[in-house]
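Chemist: Have a look at this prediction, sequence included:
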Amino acid sequence: MNKNMEKYNKMKIEELQNELKELKKELFKLRFGLAMNGLDNPNKIKETKKNIARVNTAMTILEMGSKE
């Protein structure tokens with residue numbers, strides 16, 4: 001399992017929501033920077049998208065666990 005996924009699985013729902021907001025802001029800044037003048041590391045966009053998906057997965061797991 002990924003280190004980030006382990007970190008996200010330990011977070012509470014409020015922390016995950018805040019993390020998701022921050023990741024979305026970061027992704028926006030990266031895309032904007034890419035459009036304006038290019039990036040030093042374009043793989044950062046891909047990694048940020050994966051982290052957003054990991055946070056969404058962790059949130060879903062928590063929500064499913066609370067419904068049971």
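Modeler: Received it, and whenever you're ready, just let me know what you need.

Chemist: Report the central residue of this structure.
Modeler: In the chain, the C-alpha nearest the mean C-alpha coordinate belongs to Ile52, at 2.5 Å (C-alpha atoms, centre = their mean).

Chemist: In the helix or strand where it lies, which residues are buried?
Modeler: Per DSSP states H and E: Ile52 is located in helix 43-67. Using 16 or more other C-beta atoms under 10 Å as the test for burial, helix 43-67 gives Ile45, Thr48, Asn51, Ile52, Arg54, Val55, Ala58, Met59, Leu62. From N, CA and C alone the C-beta is placed, and that goes for glycine too.

Chemist: what packs against that helix?
Modeler: The helices and strands touching helix 43-67, judged by 3 or more C-beta pairs under 8 Å, 6 or more residues apart in numbering; DSSP states H and E, are helix 3-9, helix 13-37.

Chemist: quick one: it to helix 13-37, angle?
Modeler: In terms of direction (axes from the mean of the first three to the mean of the last three C-alpha atoms, to 10 degrees), helix 43-67 departs from helix 13-37 by 160 degrees.

Chemist: mean confidence for helix 43-67?
Modeler: In this model, helix 43-67 carries a mean pLDDT of 91.

Chemist: least reliable of the helices and strands packed on helix 43-67 going by mean pLDDT?
Modeler: helix 3-9 (a mean of 85).
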